[in-house]
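Asker: dropping a prediction and its sequence here:
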Amino acid sequence: MLNREDWLPLARKLDWEFSYVEEREVFPEIISGHPWLPHNAWKDWEESFKTSYREYVENQHEKDMAVYAVRDAVGRLENVQRLATPWINGLKVHAAALALAEFTAAIGNLRGTRFGRDSAWRAMASFGALDEIRHTQIPLLLMHELVRWDSQFDWTHKFYHTNNWLAIAARHFFDELTLGQNAIEFQIATNIVLETGFTNLQFVGLASLAHGAGDYMFEKMVTSIQTDEARHAQIGHPVLALVLRHDPEYAQYLIDKWFWRNWHLFSFLTGVTMDYLAGEQRSASFKEFMEEWIVDQFFRTLDEFGLKRPWYWDIFQDELEIYHHMMYASAYTYRSTFWFDVVVPSPDDRRWLRDKYPKHWNEIDAVWECIANHWKRSGVGAEKEMSVHSSALPAFCDMCQFPLCGGTPRKNTASVFELNGANYIFCSEPCRWIFQREPERYAAHKDLVKRILAGEAPADFTALRTEYFRLTPDTWGKDVYGGEYEWLSKEPGSS
C-alpha cells in the first residue's frame, strides 16, 4: 500500500491531452479567464497546503463538533439576550450580509472546479466550494433559534431575497465577484483581495471584539470559518503569480479594482460595527484594524509579488478617516430602511472617535450634535422616531451602489460621467474609474432611485419600506433607546 506522500501527487495531477476537441473549447477564455494559456503553462501550479478528501472530511467534522459544543455551552438564546444591545445589532448586520454571500462563493469556487486550468487547482476549488457551503450553513443554523426572540434575525436568510437598498449594493458586489465571474478573476478577487485581505477584519478584528463583548458563539463561528479561508485562500497565489508573469498590467488592474470594491463594502459591514456598535469593549478603531491587517499585512503580500499599491492610495487613506463615519450617519438618518437598530454615539464615544479620527471629526461631530438637538426638540420615545428621521431618499453611486458618501459633509466628492447620452453619478474617482474601464458590465444596472423613476419601485417612503423592502413595524430599524439617553437629558438645554 502506497504512503500518502506517494499517492497524493498522483491523485492531484490528473490532467490529460484532448483528442477530439481543442483545449480552447474545453476551457473557453470567456469563462476560464484571461490570459488564456495552454495547460503546459499551468502544469506547475502548486498549492502550499495539500490535503486529500478523506483528510478534509475528518478535519471539517472535528471543527463542526467544536462549533456545536460551544453553541451548546454558551450559544443559547439566554446567552445572546445578556449581550449589549448595540452589539446584538452588529451581529444582525453580519449574519444577514455574509451568510448567503458565502453560498454564492460556493458557486464561484465550482467555476474553478470546472474551469481552473490545472487539476490540482480544480481539486482545491472543490474543497473551497464545500467550505463555502459550510460557511453558509453555520450562521443560518446559529441565528435561526434567535428569530423567535427577535424577528430582525430572520433577515439572516431573508436579506438577499429583498430589494432593500443595502441588499441591492451587496448583491451588486457579490453577484459580480462570485456569480458572474470567470475562474481567474474569481480566484484573484476572492482568494487574494477578499480572503487574504479583508476577511481578516472579520476573523481577527471582530472576533476579538466579540470576545470582549462576551459573545463567545460569534467568536467561535468566525474563527472556525477562518480556518477554512486560510486553506482555500491559497488558490489565488499561484494563479496571480502566473497572470502577473504574462499580463502584469491586467493583474494590477484586478488588485486595484477589487481592493476598492471590497473597501466600500467592508467600510459599512465592519467599520460601522467596530466603531459604533461594539461599545466599551472596543480595543482598537476600525482605522487601526485596517492599518494593521490591510495596509500592513495585505500590502506586504502584494510587495512579495512585485505589485504596486493602488493608484488611488491617497484617496483611500483620506477615506479611511471619514467614509464609514459618513455611511453610519446616513444609516442613522435612514434607519427605518434597515433590519437592525442603531445608536447615537455618546459624548464619551465621540471623544474616543475624535482621538482616533482627528482629521475630519469636527465635521462629523457636528452631524451628531444636530441629531442630538433634533431629539431634544422632538422629545424622546419610540413614537417620536420619525421626527428624527429623513424621508427624502439619498442619491446612490452608479458603481458601488452606496449613497454618495464620499468626501466630507462640507465637500462631497460626487462626479457625473456621460455615456451614450445617459448621465451616471459616482461617489468617488476610483468608482468612476472602474465603471469607465468596464461600462458594458455596469451601465445597465439600476440603483434604487432609477427604479423609482422607472416606476419599478414606489416613490412613497412608507410604501417603499413595506412593499419594496419587505420591512414591517417590528423589523424596520429604530434608535435602540428611542432617543432616551441619560447623557442627552443631562446636556444643557434638554428637557
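Answerer: Nice, thanks for sending it over.
Asker: would you check that L166 makes contact with F340?
Answerer: No. In this structure L166 lies outside contact range of F340 using Cβ atoms under 8 Å: 10.0 Å. C-beta coordinates here come from the backbone N, C-alpha and C atoms, glycine included.
Asker: which parts of the stretch 1-150 of the chain are strands?
Answerer: Read by DSSP state E, counting those that start in this stretch, the stretch 1-150 of the chain holds no strands at all.
Asker: any chance you could map the helices in it?
Answerer: Shown for the stretch 1-150 of the chain, the helices assigned by DSSP state H, counting those that start in this stretch span residues 4-12, 23-26, 29-32, 39-42, 53-74, 77-81, 85-115, 119-144.
Asker: now do the stretch 351-495 of the chain
Answerer: So, for the stretch 351-495 of the chain - with DSSP H, counting those that start in this stretch - the helices run 361-378, 429-437, 439-442, 448-453, 461-463, 486-490.
Asker: let me know which of those helices is tucked in deepest.
Answerer: Ranked by mean neighbour count, those are led by helix 429-437 with a mean of 19 (mean count of other Cβ atoms under 10 Å).
Asker: elements contacting the lowest-mean-pLDDT helix or strand in the chain?
Answerer: Ranking every helix and strand in the chain by mean pLDDT, DSSP states H and E puts helix 199-200 at the bottom, with a mean of 80. Packing contacts for helix 199-200, counted by 3 or more Cβ pairs under 8 Å, 6 or more residues apart in numbering; DSSP states H and E, involve no helix or strand.
Asker: ok, now with 10 Å
Answerer: The contact analysis (3 or more Cβ pairs under 10 Å, 6 or more residues apart in numbering; DSSP states H and E) places helix 199-200 against helix 216-232.
Asker: pull out the buried residues from stretch 379-392.
Answerer: Neighbour counts over stretch 379-392 (16 or more other Cβ atoms under 10 Å) mark V380, K384, E385, V388, H389 as buried.
Asker: how much space between the closest residue to the second one other than its chain neighbours and M65?
Answerer: Nearest non-adjacent residue to K384, counting by Cβ to Cβ, 6 or more residues apart in numbering: S378, 4.7 Å away. S378 sits 52 Å away from M65, going by Cβ to Cβ, to the nearest Å.
Asker: cool, G75 as well?
Answerer: 14 Å.
Asker: quick one: contacts for the closest residue to H325 other than its chain neighbours?
Answerer: Counting by Cβ to Cβ, 6+ apart, I364 is the residue found nearest to H325 once chain neighbours are left out, at 4.7 Å. By Cβ atoms under 10 Å, 6 or more residues apart in numbering, the contact list for I364 reads 321-322, 325-326, 328-329, 345, 350, 353-354, 357, 408-409.
Asker: can you give me the pLDDT of I364?
Answerer: pLDDT recorded at I364 is 96.
Asker: go on, the one 3 residues further on?
Answerer: The score at V367 is 96. That number is its pLDDT.
Asker: ok, K450 next?
Answerer: K450 is assigned a predicted lDDT (pLDDT) of 94.
Asker: now the one 4 residues further on
Answerer: Looking at A454, its pLDDT reads 95.
Asker: so how many other residues sit close to the closest residue to it other than its chain neighbours?
Answerer: Distances taken as Cβ to Cβ, 6+ apart place K446 nearest to A454, at 6.7 Å, with adjacent residues excluded. The local packing of K446 (other Cβ atoms under 10 Å) involves 16 other residues.
Asker: D314 versus K446, what's the distance?
Answerer: According to Cβ to Cβ, K446 stands 32 Å off from D314.
Asker: same question, I88
Answerer: From I88 over to D314 the distance is 37 Å, taken as Cβ to Cβ.
Asker: do T466 as well
Answerer: Distance of T466 to D314, given as Cβ to Cβ: 43 Å.
Asker: show the subsequent helix or strand relative to the least confident helix or strand of the chain.
Answerer: helix 207-213 (DSSP states H and E).
Asker: just the CA trace of that next one, in PDB.
Answerer: The C-alpha trace of helix 207-213 is given here as PDB (Å, rounded to 0.1, in the frame of the first residue of the first chain):
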ATOM      1  CA  ALA A 207     -13.500  38.000  16.700                       C
ATOM      2  CA  SER A 208     -11.500  39.900  19.300                       C
ATOM      3  CA  LEU A 209     -14.300  42.400  19.800                       C
ATOM      4  CA  ALA A 210     -16.800  39.500  20.200                       C
ATOM      5  CA  HIS A 211     -14.600  38.000  22.900                       C
ATOM      6  CA  GLY A 212     -14.600  41.400  24.700                       C
ATOM      7  CA  ALA A 213     -18.400  41.600  24.400                       C
END
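Asker: could you pull up the mean pLDDT of that helix?
Answerer: Helix 207-213 shows a mean pLDDT of 88.
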